[in-house]
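Peer 1: Fold the stuff below for me.
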Amino acid sequence: MARTPTVYILASHKNGTLYIGVTSNPIQRIWQHRNDCVPGFSQTYGVHTLVYYEVHGDMQSAIAREKQLKWWKRQWKVSLIEARNPRWVDLWGELVG
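Peer 2: This is a model prediction of the structure:
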């Protein structure tokens, strides 16, 4: 299976709790979040809705972008989400095609 370096943001609901992650297998990793397969932040806070993602050419750039986003102020993250997804709809269907 081809690797797809991806940075993603999950939300509990519109303007709710946010989780930023990076993965080389976005379908598998986000499915794990959505189904509470791994104990942790997303399970504890019900962060299951994919509201933003961006694909990168390599893992190094994806990891750098994840780190950058994690340092952003919350309002910057919300603005990033709303520029692409103003209604905060679940992008899972778009991701899995």
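Peer 1: pretty sure L10 is touching V51, no?
Peer 2: Yes: at 6.9 Å, L10 counts as touching V51 under the criterion of Cβ atoms under 8 Å. Bear in mind the C-beta positions are built from the backbone N, C-alpha and C, glycine included.
Peer 1: so what's A64 up against?
Peer 2: Contacts for A64 (Cβ atoms under 8 Å, 6 or more residues apart in numbering) come out as none.
Peer 1: Which residues in stretch 77-89 does the neighbour count mark as buried?
Peer 2: For stretch 77-89, the neighbour count (16 or more other Cβ atoms under 10 Å) marks K77, V78, L80, I81, N85, W88 as buried.
Peer 1: pLDDT at the fifth one, what is it?
Peer 2: The reference is to N85. On the pLDDT scale, N85 is placed at 98.
Peer 1: do the one 5 residues further on as well
Peer 2: Per-residue pLDDT puts D90 at 98.
Peer 1: And the one 5 residues further on, by the same measure?
Peer 2: Reading off the confidence values, L95 has pLDDT 91.
Peer 1: burial count for it?
Peer 2: L95: 17 surrounding residues under other Cβ atoms under 10 Å.
Peer 1: can I assume Y19 sits in a strand?
Peer 2: Yes: judged by DSSP: H, G, I helix; E, B strand; the rest coil, Y19 forms part of a strand.
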